[in-house]
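**Q** predicted model and sequence below, questions to follow.
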Amino acid sequence: MTLKEIKKKYGIKDQDIAEWFGYKNAMSYYNAKQGKVRLEKGLEKFYECISKQNNDSE
């Protein structure tokens, strides 16, 4: 699942992600370029891991 899909499913906004990772605001997060790409890939992998563990425990 892509980060866009995850954000839509859970109602997550860029401002939320910015706060979670210590950015001053959403614009700082947008302007991070490479950092933003790494964070988004990491969040996608984290979601996959959590989803898999939830499926395994059911």
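**A** Yep, that arrived. Numbers count the residues shown, from 1 in each chain.
**Q** centroid-nearest residue for this structure?
**A** When CA atoms, centre = their mean is applied to the chain, the residue found nearest the centroid is residue 43 (4.0 Å).
**Q** quickly find the element holding that residue.
**A** Counting by DSSP states H and E, the element that carries residue 43 is helix 34-57.
**Q** for that helix, buried residues please.
**A** The neighbour-count check on helix 34-57 (16 or more other CB atoms under 10 Å) flags 36, 39-40, 43-44, 47 as buried. All C-beta spots, glycine's among them, are computed from the backbone N, C-alpha and C.
**Q** residues making contact with that helix?
**A** Outside of helix 34-57, the residues within contact range by CB atoms under 8 Å, 6 or more residues apart in numbering are 1-3, 6, 17, 21, 29-30, 32.
**Q** which one (most neighbours) among those?
**A** Neighbour counts for the contacts of helix 34-57 peak at residue 29, which has 22 neighbours (criterion: other CB atoms under 10 Å).
**Q** which residue, neighbours along the chain excluded, lies closest to it?
**A** residue 18 (3.9 Å; CB to CB, 6 or more residues apart in numbering).
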